[in-house]
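J.: From the sequence below, what's the structure:
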Amino acid sequence: MSLLGRLNELDGDLGNSERSNGAPPSEDERAALTSRAAEVALGERLETAATTPGTRLSGERGRSADRRDPYAGLKTRIHRAVVDKLGSRLAGAAADELAESVRGAVETELTADDTPLTSDERTRLVREIVDDIVGYGPIEPLLEDDSVTEVMVNGHDRIYVERAGKLELADTTFADNAHLMRIIEKIVSQVGRRIDEASPLVDARLPDGSRVNAIIPPLSLRGPTLTIRKFSRDPFTIEDLVRFSTVSQKAADFLSACVRGKLNVLISGGTGTGKTTMLNAMSAFIPDEERIITIEDAAELQLQQSHVVTLEARPPNVEGKGAIPIRELVRNALRMRPDRIVVGEVRGAETLDMLQAMNTGHEGSLTTIHANSPRDALSRTETLVLTAGVDLPVRAIREQISSAFDLIVHLMRLVDGSRRVSHITEVLRMESDVITLQDVYVARPPDERELSSGPPMLLQPLSYSGLKPHFIEKLAASGVHLSPSFFAEESQWTQNGAAGAARFRP
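T.: Predicted structure coming up:
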């Protein structure tokens, strides 16, 4: 019923009130009827906003209505017509050929449709429909945008992106939850994964190595949720990280010597600090003639060497069987004659097998771990070993850790969105029941004098601590020699150089 009809009913109620007792309604009755009229008007306004594109209201419902696509019905019709027309040709064609075929079919169907469109609207609709059929729908332009480092879909009508370390709301949406589910299923099916009510969360990857996580109802209460951490088409090199001010040139040279000298390196940091990007950059220092085996939950490393074997864990099938965890892959890698073992991230019982490999002659191994500091990285490693279910005393575990790792590279994500290496720390031997650590390079917070002079600074440039590492002889045994002048006190970055450097976006 229209708003006018409802108000007429209210007016009739007012008249009936007068006729029932022969007296005009009281002030209280008039106030009650007026309040009802206001409620009806508000309800009518909300109904109109829910069905009319472009209506602006305050609050979450208003914002959702404002973002409704007025051409959703047209796009659905054209989408179905193109799929019916091309049929099986969508399955086997090459990507470029398929995109051209779909684009031609979409333009033909739009021409046949009698919906009036401007040139810009037609161009946009063709792109969106082609992206929906061939690519990943509304998020395809975001994945193509090199300035976007992460895509976060909180629901079909809420898509956020990360640019330069900052979050912002994207100007695109999915048509509905079913549309979002189709894109999620397309992504996970490409790598042999599945997602449904029985298995409502999944880790996957895009063909370019970008990391994907999806979670759907009943675990996600507001509809399907999708998170994609993008990886650069061209992997970042250590020179890029120096240019981004993530690490100093002197420290980068030191890390190069450590990797070539077959030190076991643990890269630590919080979520989104760039651990995998740093692992990728450091792995470039591994000599090309060595055999490298990478082990990951979802393959995303982009090693450039020619002799690389990539292993990926497998989740359980529909019956809950057939899972191959990272731990079994680490054990199997020991039988594959590796020169280097690179584990994308240790997060469970595989930590024990990784330590055993490092302590049994597989030197030069690299891995990452989530931790808030170098000391916390060792504590978390100890905790992960305990999840393997072995009955070992804590001291024995710590001795294994101190013997396995030679170096910890810790990264931080600062409040301005930049990523920085804050510590390059040597792992020494046990003293009593404590593993001794020694900072070789460290980026300290600015003091009061530095804060009061010059541009604002969140963290000082990474600089040499003045303490020479104890593994110089181990490097020399692997043919890597650091000159006595290498650890001489180097000058810090100039303020102009540090301020002008770009920010690191993994």
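
J.: Quick check: longest strand in this protein by residues?
T.: The longest strand of the chain (DSSP state E) is strand 419-431.

J.: Show me what counts as buried in the helix or strand following that strand.
T.: Going down the chain from strand 419-431, the next helix or strand is strand 434-442, by DSSP states H and E. For strand 434-442, burial by neighbour count (16 or more other CB atoms under 10 Å) applies to 435, 437, 439-442. From N, CA and C alone the C-beta is placed, and that goes for glycine too.

J.: Note down every partner strand of strand 434-442 and its orientation.
T.: Applying DSSP bridges, strand 434-442 is found paired with strand 419-431 (antiparallel), strand 463-464 (antiparallel).

J.: before we move on, the earlier item: list just the nearest of the buried residues of strand 434-442 to Arg413.
T.: Of all these, Val442 has the smallest distance to Arg413: 17.1 Å, by CB to CB.

J.: Report the distance from the longest strand of the chain to the chain centre.
T.: 26 Å (CA atoms, centre = their mean, to the nearest Å).

J.: go on, stretch 198-208?
T.: Per CA atoms, centre = their mean, the displacement of stretch 198-208 from the mean C-alpha position of its chain is 13 Å.

J.: Same question for stretch 401-414.
T.: Distance of stretch 401-414 from the chain centroid (CA atoms, centre = their mean) equals 22 Å.

J.: What of stretch 170-182?
T.: With CA atoms, centre = their mean, you get 19 Å for stretch 170-182.

J.: about what we covered before: and the longest strand of the chain, what's buried?
T.: Those would be 419-427, for strand 419-431 by 16+ other CB under 10 Å.

J.: Stretch 253-266 now?
T.: Those would be 254-266, for stretch 253-266 by 16+ other CB under 10 Å.

J.: okay, which residue is most central for the protein?
T.: Note on the chain: the residue nearest the mean C-alpha position is Arg229, at 2.7 Å, using CA atoms, centre = their mean.

J.: surely Ala349 meets Val330?
T.: No - counting by CB atoms under 8 Å, Ala349 does not reach Val330; the two are 9.7 Å apart.

J.: Okay, helices next: where are they in the stretch 251-400 of the chain?
T.: 275-283, 326-333, 350-358, 374-386, 394-404 (DSSP state H, counting those that start in this stretch).

J.: end to end, how far does stretch 414-422 reach?
T.: By CA to CA, to the nearest Å, the extent of stretch 414-422 from end to end equals 10 Å.

J.: Run through who's touching it.
T.: The contact list for stretch 414-422, computed with CB atoms under 8 Å, 6 or more residues apart in numbering, reads 164-166, 244-247, 251, 273-274, 278, 409-413, 441-443, 458-459, 462, 503-506.

J.: Looking at those, which are in strands?
T.: Those of these lying in strands (DSSP E): 166, 409-413, 441-442.

J.: The residues you listed into JSON lines, with extra columns for pLDDT?
T.: Putting the ones in strands among the contacts of stretch 414-422 into JSON lines (pLDDT from 0 to 100) gives the following:
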{"residue": "Lys166", "pLDDT": "85"}
{"residue": "Val409", "pLDDT": "97"}
{"residue": "His410", "pLDDT": "97"}
{"residue": "Leu411", "pLDDT": "96"}
{"residue": "Met412", "pLDDT": "93"}
{"residue": "Arg413", "pLDDT": "90"}
{"residue": "Tyr441", "pLDDT": "94"}
{"residue": "Val442", "pLDDT": "94"}
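
J.: List only buried entries from these.
T.: Judged by 16+ other CB under 10 Å, buried ones among the ones in strands among the contacts of stretch 414-422: 409-413, 441-442.

J.: which among these gets closest to Gly73?
T.: Looking across those and measuring by CB to CB, the closest to Gly73 is Arg413, at 42.8 Å.

J.: who's that closest one bridged to?
T.: Bridge pairing for Arg413 - DSSP bridges - gives Arg419.

J.: That one is in contact with Thr277, isn't it?
T.: No - under the criterion of CB under 8 Å, Arg413 is not in contact with Thr277, lying 11.8 Å apart.

J.: so Leu74, which of the three states?
T.: Secondary structure, DSSP: H, G, I helix; E, B strand; the rest coil: Leu74 is helix.

J.: All the strands of the stretch 101-250 of the chain, residue numbers only.
T.: 148-155, 158-163, 166-169, 201-205, 211-215, 225-229 (DSSP state E, counting those that start in this stretch).

J.: More neighbours: Ala349 and Val330, which one.
T.: A count of neighbours by other CB atoms under 10 Å puts Val330 above the other of Ala349 and Val330, at 24 against 18.

J.: Kindly provide the distance from the residue nearest to the more buried one when sequence neighbours are not counted to Ser199.
T.: Leaving aside its sequence neighbours, Val330 sits nearest to Asp353 (CB to CB, 6 or more residues apart in numbering; 4.3 Å). Going from Asp353 to Ser199 by CB to CB, to the nearest Å gives 26 Å.

J.: Of the two, which one has the most company?
T.: Taking neighbours as other CB under 10 Å, Asp353 and Ser199 compare with Asp353 leading, 22 against 16.

J.: Could you check the pLDDT of that one?
T.: Per-residue pLDDT puts Asp353 at 91.

J.: Hmm, it is touching Arg331, no?
T.: Yes - under the criterion of CB under 8 Å, Asp353 makes contact with Arg331 at 5.6 Å.

J.: What's the local residue count around Ala81?
T.: Ala81 has 17 neighbours, counted by other CB under 10 Å.

J.: nope, Arg337 is what I meant
T.: For Arg337, the count of nearby residues is 8 (other CB under 10 Å).

J.: which residue sits closest to it, ignoring its sequence neighbours?
T.: Closest to Arg337 by CB to CB, 6+ apart is Arg291, at 6.4 Å.

J.: tally of neighbours for that neighbour?
T.: Neighbours of Arg291 under the rule other CB under 10 Å: 15.

J.: Point out where this structure drops to low pLDDT.
T.: For the chain, applying pLDDT under 70 flags the ranges 1-70, 87-96, 448-457, 489-506.

J.: domain ranges for it?
T.: For the chain, automatic domain parsing gives the domain ranges 3-66, 72-229, 247-500.

J.: Reformat those domains as CSV; add distance to Asp240.
T.: What follows is these, written out as CSV (distance: least, CB to CB, whole Å):
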stretch, distance to Asp240
domain 3-66, 38
domain 72-229, 13
domain 247-500, 7
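
J.: thought Gln302 was touching Pro235?
T.: Yes - taking CB under 8 Å as the definition, Gln302 is a contact partner of Pro235 at 4.4 Å.

J.: and for stretch 305-318, what are the contacting residues?
T.: With CB under 8 Å, 6+ apart as the contact definition, stretch 305-318 has outside contacts at 193-194, 198-199, 202, 283, 286, 288-299, 301, 322-326, 329, 332-333, 336, 338.

J.: so how far does that stretch reach from one end to the other?
T.: 36 Å.

J.: What is the neighbour count of Gln356?
T.: When neighbours are defined as other CB under 10 Å, Gln356 has 15 of them.

J.: meant to ask about Ala204
T.: If you count neighbours by other CB under 10 Å, Ala204 ends up with 22.

J.: any idea how far it is from Ala333?
T.: For Ala204 relative to Ala333 (CB to CB), the value is 22 Å.

J.: For Arg124, which of the strands of the stretch 101-250 of the chain is the nearest?
T.: Comparing the strands of the stretch 101-250 of the chain by CB to CB, strand 158-163 comes nearest, at 16.7 Å.
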